[in-house]
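Peer 1: coordinates for the following, if possible.
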Amino acid sequence: MKTCSVWSSGASFPNGRVHVLQQIIAGGRVVSHLRITGRFLGLRDGVSGQGQLIDYLATDIMRIVQGRITDNWHVEDHESLHRQLR
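Peer 2: Numbers count the residues shown, from 1 in each chain. Model (predicted):
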């Protein structure tokens, strides 16, 4: 399954996209391997964006109970993101 959705982190990444690279459903859990792309156009941690491209990975693990998401663990590669913002 490959999908893409619009994601925005306020004014920092107004045109952000989340690409689902792979998704595994097993044992009441959904694991999504994600790629996040866009341009840094705003302000983040005191740094002003100059239109830099951003491209980094993330993983979501969601627990599903009776058809509802009860827990969500989200991990992002912030080191790669911060290197791209400099």
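
Peer 1: C-alpha only now, for contacts and for neighbours.
Peer 2: Noted.

Peer 1: now do the helices in this protein.
Peer 2: Counting by DSSP state H, the segments of the chain that form helices are 78-85.

Peer 1: for the residue most central in space within it, give me its contacts.
Peer 2: With distances taken as CA atoms, centre = their mean, the residue of the chain nearest its centroid is I36 (4.7 Å). Taking CA atoms under 8 Å, 6 or more residues apart in numbering as the contact definition, I36 lies against 16-19, 54-58.

Peer 1: need the per-residue pLDDT for it.
Peer 2: In this prediction, I36 carries a pLDDT score of 91.

Peer 1: what of S9?
Peer 2: The predicted structure scores S9 at 58 on the pLDDT scale.

Peer 1: same check on L81?
Peer 2: Checking the pLDDT column for L81, the value is 86.

Peer 1: that one contacts Y56, doesn't it?
Peer 2: Yes: with contact taken as CA atoms under 8 Å, L81 and Y56 are classed as touching, separated by 6.1 Å.

Peer 1: need the residues touching each of the two.
Peer 2: Contact with both L81 and Y56 is made by no residue, according to CA under 8 Å, 6+ apart.

Peer 1: circling back to that earlier point, in the sheet, who's paired with the residue nearest to the centre of the chain?
Peer 2: Beta bridges link I36 to V18, Y56, judged by DSSP bridges.

Peer 1: what's the local residue count around H19?
Peer 2: 20 (other CA atoms under 10 Å).

Peer 1: tell me who's in contact with the nearest residue to G49 once chain neighbours are set aside.
Peer 2: Closest residue to G49 in three dimensions, ignoring its sequence neighbours and counting by CA to CA, 6 or more residues apart in numbering: L41, at 4.5 Å. Each residue near L41 by CA under 8 Å, 6+ apart is listed here: 11-14, 48-52.

Peer 1: cool, thanks, talk later.
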